[in-house]
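Student: Pasting the sequence and the predicted model now:
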Amino acid sequence: MIGLGLGDAKDITVKGLEAVRTCARVYLEAYTSVLGASKEELEAFYGVEVIVADRELVESGADDTLIEPAKEENIGFLVVGDPFGATTHTDLVVRARAAGVTVSVIHNASIMNAAGACGLQLYNFGLTVSVVFFTETWRPDSFYNKVKINAAAGLHTLCLLDIKMKEISDENLAKGRMIYDPPRFMTVNQCLSQFLEVEEKYGEGILTADTQVVALARVGQETQVIAAGSIAELLPLDFGPPLHSLVVVGETHFLEDEILAGLSQTAELKPLADGANDDVEAGSTADAIAVAADGAE
């Protein structure tokens with residue numbers, strides 16, 4: 001299990017690259033995150049074929065595809081960020097070891113530690129929350145209470161924004177049609193809009209228009225954007241293509257205040273165009289769209 005980091009093909013560690021080149025087959029997990037590089041770019045840099053692994057393969061087909069073959073030869077499993085950034089990968093390790101397979105893990109940077117690029121001190125972060133897309137019938141808001149717990153302790157909250165890869169709509173599922181929706185990536189703007197909706201519901205002053213937040217877009221890539229301000233200030237701004245994350249700011253040290261002040265220069269960011277807050281597809285990460293298209297076929 002090899003972490004790829006957050007940027008491009010070259011973010012793999014030397015140890016990770018050496019491991020890739022010993023493998024009979026190499027799979028790229030492509031549903032918990034996406035890298036700022038295409039499959040073809042990875043193959044060119046690594047010098048090996050890369051097989052895209054979707055959720056179904058990893059969660060349902062891993063025994064035959066990954067685990068059993070690994071009893072006889074090296075199988076590489078590439079993960080954007082760090083291998084333990086998602087519980088799915090922990091489950092895969094448990095299943096592999098239970099089957100008698102030796103599992104080696106090569107770590108790399110993930111959003112869990114790279115979020116420190118915003119200048120807030122990592123040991124002042126509390127519970128990490130996931131924010132998922134609201135639908136007409138499902139508007140989960142458990143994140144609100146976790147942000148509240150962190151705020152009471154003066155801690156910052158890292159918010160991981162929803163990614164939808166190879167999802168089937170309820171309508172298609174009900175009709176037995178295996179037609180996959182296009183990839184969707186939650187934007188900072190969508191997250192902030194949902195924050196305000198949930199705040200209106202509970203009214204406890206946790207996620208108001210004045211709440212200080214930091215927007216992070218494409219962390220680790222050359223086009224990285226980090227901006228700080230209130231929810232009201234950041235809501236109308238365009239942070240560009242995915243992936244996006246967000247930090248809700250807790251109590252700050254004076255050094256953190258100095259860095260946040262430097263991030264508050266949002267004049268360079270353009271206002272969000274009309275309709276641009278609709279579901280965002282992969283944009284520059286075109287490989288993710290290709291993955292979904294393959295599934296749709």
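Tutor: Received it, and whenever you're ready, just let me know what you need.
Student: What pLDDT does the model give residue 32?
Tutor: Per-residue confidence (pLDDT) for residue 32: 81.
Student: Then residue 293?
Tutor: 35.
Student: same question, residue 136
Tutor: Predicted confidence (pLDDT) for residue 136: 88.
Student: and it, how far is that from residue 184?
Tutor: The gap separating residue 136 from residue 184 is 15 Å, by CB to CB, to the nearest Å. (Each C-beta comes from the backbone N, C-alpha and C, glycine too.)
Student: For stretch 149-165, buried residues please.
Tutor: 150-151, 155-165 (16 or more other CB atoms under 10 Å).
Student: What are the boundaries of the helices in the stretch 101-250 of the chain?
Tutor: 111-114, 142-152, 170-174, 188-202, 231-234 (DSSP state H, counting those that start in this stretch).
Student: Generate JSON lines for those helices, with mean pLDDT and distance to residue 73 as supplementary columns.
Tutor: Output for the helices of the stretch 101-250 of the chain, formatted as JSON lines (pLDDT from 0 to 100; distance: least, CB to CB, whole Å):
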{"stretch": "helix 111-114", "mean pLDDT": "94", "distance to residue 73": "31"}
{"stretch": "helix 142-152", "mean pLDDT": "98", "distance to residue 73": "42"}
{"stretch": "helix 170-174", "mean pLDDT": "64", "distance to residue 73": "37"}
{"stretch": "helix 188-202", "mean pLDDT": "97", "distance to residue 73": "43"}
{"stretch": "helix 231-234", "mean pLDDT": "96", "distance to residue 73": "49"}
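Student: I'd like to know which of the ones you listed lies nearest to residue 127.
Tutor: helix 142-152 (4.6 Å; CB to CB).
Student: got the angle for the closest one vs helix 188-202?
Tutor: Per axes from the mean of the first three to the mean of the last three CA atoms, to 10 degrees, the angle that helix 142-152 makes with helix 188-202 is 80 degrees.
Student: Please name every helix or strand in contact with helix 142-152.
Tutor: strand 129-131, strand 157-161, helix 188-202, strand 244-248 (3 or more CB pairs under 8 Å, 6 or more residues apart in numbering; DSSP states H and E).
Student: could you check the distance from the spatially most central residue of the chain over to residue 83?
Tutor: Nearest to the mean C-alpha position of the chain, by CA atoms, centre = their mean, lies residue 33 at 4.7 Å. Relative to residue 83, residue 33 is positioned 12 Å away (CB to CB).
Student: Residue 90: which of the helices of the stretch 101-250 of the chain is closest?
Tutor: Of these, nearest to residue 90 by CB to CB is helix 111-114, at 13.8 Å.
Student: next one: the closest one to chain centre, how far?
Tutor: 10 Å (CA atoms, centre = their mean, to the nearest Å).
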